[in-house]
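Trainee: my questions are about this predicted structure, shown below with the sequence.
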Amino acid sequence: MKHIFMAAGSAAALSATCLSATAQDTDREARTIDRVLDVVTVSATKKKDPENVQNVPVAVTAFSADTLEALQVRDIESLSYSSPNVSLDDVGTSKGVANFSIRGLGVNSSIPSIDPTVGVFVDGVYIGVNNGLIQDTFDISSIEVVRGPQGILFGRNTTGGAVLINTGNPASNFEAKTRLAYETPIDGDRGGASTYVQAYVSGPLIADRLNGRVSGYFNDDEGYFKDLIFNENRGGGDTFVIRGSLEWLASRDVSVLAKLEHTEVEADGPVGQNRGIYRRGTFDFSNDYRGLYENETTLASLRTDWDVAFGNGTITNILGYRNFHQDTGGDIDATPQFLFHSASDLEQEQISNELRYAGTFGALELTTGLFYFDQEIAYTEHRFLPPITPVTFSGGGRQDHLVWGAFAQGDYSLTDALTVILGLRYSYEEKDADIAYTIPRAGQCSVTDATCPDDVSDKNDWSNVTPKIGLQYTFSDAMQAYGSYTRGFRSGGYNFRITNPAVFQQQVAQTGSASFDEESVDAYEVGLKYRDPNGRGSLNLAAFLNQVKDMQREVNISSPTSGVSQFILNTADADISGIEAEATFRLLDNVLLLANIGLIDASYEEVRADISGDGVTDANDANLEIPRVPETTYGFGFIWDIDLASSGYLTVRSSFQHKDAFAYSDNNLGWVSEADMLDASLAWVTPVEGLTVSLYGKNLLDEAIVGNDTQLPFGGPLSTGTAEPFAERPQAGTFSTLKRGRIVGMELLKEF
């Protein structure tokens with residue numbers, strides 16, 4: 001495979017020497033570029049019909065099916081290096097747990113009772129927990145990454161933004177596609193290969209009445225990482241997904257779309273590096289426990305659209321259901337000794353329904369609706385810490401979670417060019433929780449099996465009215481500018497991981513509540529969007545200010561009694577401001593350039609908690625960096641189509657993306673290093689109809705990136721203070737979960 005990839009690189013280099021000749025001699029369309037530059041429509045505004053992404057007055061990066069195909073996207077995390085000021089990361093502690101952050105608003109936790117800052121919606125269904133969100137994706141029609149609070153149309157827990165995943169819909173004409181991919185590290189000291197197989201078939205079952213689609217996906221992963229001491233491949237597993245959908249065209253005005261998906265995963269647990277033993281920036285590690293990650297997910301949605309004469313509008317109802325079960329195990333000490341292992345199981349069941357109307361009344365475009373969401377969560381955690389105690393820690397929590405919402409947004413055209421946008425949402429939320437302290441117990445107990453005692457029982461509710469005010473000015477069909485103010489909220493709630501009951505009880509005595517409070521964001525944004533009338537490119541600019549009140553954080557502190565203590569606190573008020581830009585430019589008919597940049601300035605305005613862990617709340621806390629806020633992200637790349645006449649055509653693609661180092665933990669002892677991500681691919685659209693052969697490489701610079709950097713009392717002396725430059729600080733004992741390094745792959749794609 002290494003020799004194949006080197007040959008592909010040589011072919012790309014040889015093609016580059018004849019770029020100008022190719023551009024002059026070809027008369028054929030630069031097909032891949034044309035598809036990428038084609039108009040991309042988005043559903044994020046919830047209008048009657050999807051809108052051109054360049055016409056919506058909000059910062060959104062949209063990926064069409066063609067773009068996702070070109071990028072060889074396997075999961076949502078793959079898009080972390082494709083958008084400015086966006087980090088779609090896995091926490092690492094427990095596989096598949098999203099810790100998404102957009103514009104500096106994010107989480108760093110695997111506790112399932114913590115609500116997200118970035119809402120994820122699959123076919124319009126809101127997913128209520130971060131767990132199980134980073135899984136293999138396939139047969140996707142589009143992904144929309146919406147930056148900034150989306151509290152009017154998408155509700156609470158979208159203070160950072162929203163990620164909309166739209167899976168493939170049934171087609172009215174027969175179509176089918178199958179894809180086979182093989183990926184491997186080219187470093188002989190690494191682990192094994194990964195094989196992907198996916199396919200779908202779609203078409204009419206009853207002409208003009210009933211369309212169907214069936215798709216399937218399987219991944220056999222041998223494990224990318226190699227344990228230095230035990231000489232075993234780690235990080236592998238199997239993933240199986242099957243999805244079916246039916247579209248019933250009940251009448252000219254009514255359509256019903258049903259989707260059902262089932263996922264099963266059996267895999268290793270996280271691969272952790274202890275930096276008290278192994279050097280930062282390498283893939284060196286040894287874990288005595290392989291760990292595990294198993295889940296079963298069933299996701300269903302039923303969407304009904306009814307076109308009505310009233311306002312020439314559409315009534316849409318989306319009913320959603322999810323049942324999720326997860327078991328995990330991890331080597332948290334990340335050493336070749338048994339010092340700190342963990343296990344957990346999670347059960348989540350949710351049902352939701354959104355009923356909305358979108359229509360037009362003269363100069364007014366109106367979207368309004370009602371939202372209902374109800375979920376039950378049960379979580380059990382075990383900790384095994386033989387250096388501290390031979391007795392197992394057991395605990396967790398159970399929670400009933402109810403949400404009601406009503407919303408309306410109107411876009412009123414004052415003139416042909418100027419539109420005023422007004423929105424309002426009312427939200428009511430209620431949480432009823434029973435919590436068992438995660439402490440040493442004479443016998444293991446389970447919250448999910450109802451054998452743990454209820455050490456804390458509490459119930460709380462929150463309600464809010466959130467406004468939005470905006471203006472949009474359309475200079476021409478090619479350019480528009482917008483500005484907006486909106487308020488968003490992130491839910492208050494309960495900590496299911498209480499390892500220090502005495503400190504928790506002290507907090508309850510001080511605040512008068514067992515719950516932490518909600519977080520609010522006042523967001524201001526201005527933007528400019530331009531698309532060349534001839535379709536040769538686009539430029540999108542945005543500037544924003546987020547004023548965060550009662551910032552909600554999970555404060556991780558190394559603990560000699562429980563390994564790690566985690567407190568969920570409303571720590572501070574903060575201001576986060578920044579700018580971002582995205583551009584595409586068709587340099588030649590067959591050469592497309594792409595670039596993006598994001599800059600963020602984040603600082604605490606007032607700190608009300610001891611986030612440094614030194615026992616006092618003072619200037620040392622206020623001077624710390626806010627976690628998960630890289631100051632700079634930027635990237636650039638190109639797509640180059642090469643006509644081979646009767647032999648088909650080649651598409652050469654390459655992209656480079658940089659992300660600055662950023663703090664992982666609130667006390668700034670844990671950091672994630674800066675990263676430079678280089679990807680490339682060479683795709684040959686063959687003369688055989690529908691057949692494409694691709695060679696590609698990901699993370700070609702072999703960057704050793706982590707998703708977590710938790711400080712531990714095992715493996716090395718803890719750093720004290722943050723005065724030294726980050727690179728010069730002594731390394732602590734850590735649990736730093738490794739992400740994959742350099743990968744090369746081959747893909748065969750056949751369309752029918």
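Mentor: That came in fine, so what should we check first?
Trainee: rest of the way, CA atoms for contacts and neighbours
Mentor: Will do.
Trainee: what about the helices in the protein?
Mentor: Using DSSP state H, the helices of the chain run over residues 2-17, 19-25, 31-37, 65-70, 501-511, 619-622.
Trainee: may I have the fifth one as CSV, with CA atoms only?
Mentor: This file holds the C-alpha atoms of helix 501-511, laid out as CSV (Å, rounded to 0.1, in the frame of the first residue of the first chain):
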residue,chain,number,x,y,z
PRO,A,501,-19.7,14.1,48.8
ALA,A,502,-18.4,16.4,51.4
VAL,A,503,-17.5,19.1,48.9
PHE,A,504,-20.8,18.6,47.0
GLN,A,505,-22.7,19.0,50.3
GLN,A,506,-20.8,22.2,51.0
GLN,A,507,-21.8,23.5,47.5
VAL,A,508,-25.4,22.6,48.2
ALA,A,509,-25.3,24.5,51.5
GLN,A,510,-23.8,27.6,49.8
THR,A,511,-26.2,27.6,46.8
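Trainee: residues in contact with that helix?
Mentor: Residues outside helix 501-511 that contact it (CA atoms under 8 Å, 6 or more residues apart in numbering): 437, 498, 514, 567.
Trainee: I figured the second one hits residue 437, correct?
Mentor: I take that to be residue 498. Yes: contact between residue 498 and residue 437 holds when scored by CA atoms under 8 Å: they sit 5.2 Å apart.
Trainee: taking the contacts of helix 501-511 one by one, which sit in strands?
Mentor: 437, 567 (DSSP state E).
Trainee: can I get the contacts of helix 501-511 in TSV with distance to residue 592, pLDDT and neighbour count?
Mentor: TSV is the format used below for the contacts of helix 501-511 (distance: CA to CA, whole Å; pLDDT from 0 to 100; neighbours: other CA atoms under 10 Å):
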residue	distance to residue 592	pLDDT	neighbour count
437	56	96	25
498	53	95	22
514	55	93	20
567	48	89	22
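Trainee: now the contacts of helix 501-511 in JSON lines, with distance to residue 159?
Mentor: JSON lines is the format used below for those (distance: CA to CA, whole Å):
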{"residue": "437", "distance to residue 159": "30"}
{"residue": "498", "distance to residue 159": "26"}
{"residue": "514", "distance to residue 159": "23"}
{"residue": "567", "distance to residue 159": "21"}
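Trainee: could you list the low-pLDDT ranges of the stretch 601-750 of the chain?
Mentor: The model of the stretch 601-750 of the chain has pLDDT under 70 over residues 716-732.
Trainee: show me the strands in it, by range?
Mentor: Per DSSP state E, counting those that start in this stretch, the stretch 601-750 of the chain carries strands over the ranges 632-643, 649-659, 662-663, 671-672, 675-685, 691-698, 710-711, 734-737, 743-751.
Trainee: so for residue 624, which of those sits nearest?
Mentor: strand 662-663 (9.0 Å; CA to CA).
Trainee: in its sheet, what does the closest one sit against?
Mentor: Under the criterion DSSP bridges, strand 662-663 sits next to strand 671-672 (antiparallel) in its sheet.
Trainee: what comes into contact with the partner strand?
Mentor: Under CA under 8 Å, 6+ apart, the answer for strand 671-672 is 661-665, 705-709.
Trainee: so how far is it from its chain's centroid?
Mentor: 18 Å (CA atoms, centre = their mean, to the nearest Å).
Trainee: contacts only, for residue 51.
Mentor: With CA under 8 Å, 6+ apart, residue 51 has these contacts: 41-43, 45.
Trainee: identify the bridge partners of it.
Mentor: According to DSSP bridges, the partner residues bridging residue 51 are residue 42.
Trainee: first vs last residue of stretch 89-102, how far apart are they?
Mentor: With CA to CA, to the nearest Å applied, stretch 89-102 spans 11 Å between its terminal residues.
Trainee: next: stretch 75-83.
Mentor: One end of stretch 75-83 sits 15 Å from the other (CA to CA).
Trainee: residues contacting that stretch, please?
Mentor: Residues contacting stretch 75-83 (CA under 8 Å, 6+ apart): 61, 73, 86-90, 134-137, 596, 635, 657-658, 677.
Trainee: in it, what counts as buried?
Mentor: Within stretch 75-83, the residues scored as buried using 16 or more other CA atoms under 10 Å are 76-83.
Trainee: how far away is residue 715 from residue 735?
Mentor: Taking CA to CA, one finds residue 715 at 10 Å from residue 735.
Trainee: next one: residue 657
Mentor: Noted for residue 657: a distance of 26 Å to residue 735, by CA to CA.
Trainee: what's the most buried one of the strands of the stretch 601-750 of the chain?
Mentor: Comparing those by mean neighbour count (mean count of other CA atoms under 10 Å), strand 734-737 ranks first with a mean of 29.
Trainee: now for that one, which elements pack on it?
Mentor: strand 272-273, strand 710-711 (3 or more CA pairs under 8 Å, 6 or more residues apart in numbering; DSSP states H and E).
Trainee: who touches it?
Mentor: With CA under 8 Å, 6+ apart as the criterion, strand 734-737 contacts 92-93, 270-276, 332-334, 706-712, 714-715.
Trainee: figure out how far that strand is from the centre of its chain.
Mentor: The answer for strand 734-737 is 21 Å, by CA atoms, centre = their mean.
Trainee: can you show me the strands along the stretch 301-450 of the chain?
Mentor: 313-331, 341-361, 364-384, 393-413, 418-440.
Trainee: how close does the residue nearest to the spatial centre of the chain sit to residue 597?
Mentor: Nearest to the geometric centre of the chain sits residue 88, at 3.7 Å (CA atoms, centre = their mean). Applying CA to CA, the value for residue 88 to residue 597 is 16 Å.
Trainee: try residue 445
Mentor: Counting by CA to CA, the gap from residue 445 to residue 597 is 50 Å.
Trainee: picking that back up, quick one: closest of the strands of the stretch 601-750 of the chain to residue 162.
Mentor: Using CA to CA, the strands of the stretch 601-750 of the chain put strand 632-643 closest to residue 162, at 19.2 Å.
Trainee: any idea how far that closest one is from the middle of the chain?
Mentor: 22 Å.
Trainee: neighbouring strands - and their directions - for that strand?
Mentor: Strand 632-643 pairs in its sheet with strand 591-607 (antiparallel), strand 649-659 (antiparallel), by DSSP bridges.
Trainee: distance to residue 37 for the ones you listed - can I get that in JSON lines?
Mentor: Shown next, in JSON lines, are the strands paired with strand 632-643 (distance: least, CA to CA, whole Å):
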{"stretch": "strand 591-607", "distance to residue 37": "9"}
{"stretch": "strand 649-659", "distance to residue 37": "14"}
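Trainee: so which of these is nearest residue 551?
Mentor: Among the strands paired with strand 632-643, strand 591-607 sits nearest to residue 551 (CA to CA), with 9.4 Å.
Trainee: give me the buried positions along the closest one.
Mentor: 591-602, 604, 606-607.
Trainee: which member of the residues you listed is positioned nearest residue 433?
Mentor: Within the buried residues of strand 591-607, proximity to residue 433 (CA to CA) peaks at residue 607, which comes in at 28.0 Å.
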